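Colleague: Next one to model:
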Amino acid sequence: MPFLDYLRRWNDGHVARWLADNKCAHHTQLFANHDIRGDILPDLDQQTLREIGIASLGDRIKMLNTFKSLPQRCSESHQRDLQQPARPPAARDGPPL
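Modeller: Sure, this is the predicted structure:
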């Protein structure tokens, strides 16, 4: 699946996790209040982040830089998932108790 299609599926929970992973969880409510989900993330810039109330230049730069690296990070994660061998289902002696 192309990265932008994947990103368009992100809901508030996905965005909240991305913010938390990048030490910006304190902005989660701002993103939710302004309906910023995956389909909007590619359009964010310094000015937009400032307009929604993110005063910290450091946080704005951090968000924009981590967003730029997101396609690469998602691709690497996907590749790791594909390389892990599938585990066979656990054998059972009978029905679960």
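Colleague: Next, count neighbours for Pro2.
Modeller: By the measure other CB atoms under 10 Å, the count of residues near Pro2 is 8. (Glycine included, C-beta is placed from N, CA and C.)
Colleague: Then the one 5 residues further on?
Modeller: By the criterion of other CB under 10 Å, Leu7 has 21 neighbours.
Colleague: Kindly report the same for Leu64.
Modeller: Close neighbours of Leu64, defined as other CB under 10 Å, add up to 14.
Colleague: and it, what is it in contact with?
Modeller: Taking CB atoms under 8 Å, 6 or more residues apart in numbering as the definition of contact, the neighbours of Leu64 are 44-46, 49.
Colleague: From Asp5, how far out is Lys62?
Modeller: From Lys62 across to Asp5, the span is 25 Å (CB to CB, to the nearest Å).
Colleague: what's the answer for Cys24, then?
Modeller: Relative to Asp5, and taking CB to CB, Cys24 is found at 24 Å.
Colleague: so where does the residue nearest the centre of the chain fall, helix or strand?
Modeller: The geometric centre of the chain, computed from its C-alpha atoms, lies nearest to Trp18 (CA atoms, centre = their mean), at 3.7 Å. Taking DSSP states H and E as the definition, Trp18 sits inside helix 12-21.
Colleague: pLDDT value on Leu49, please?
Modeller: At Leu49 the predicted local confidence, pLDDT, stands at 97.
Colleague: Which of the contacts of Leu64 sits closest to Phe67?
Modeller: Minimum separation from Phe67 among these (CB to CB) is found for Leu44, which lies at 7.0 Å.
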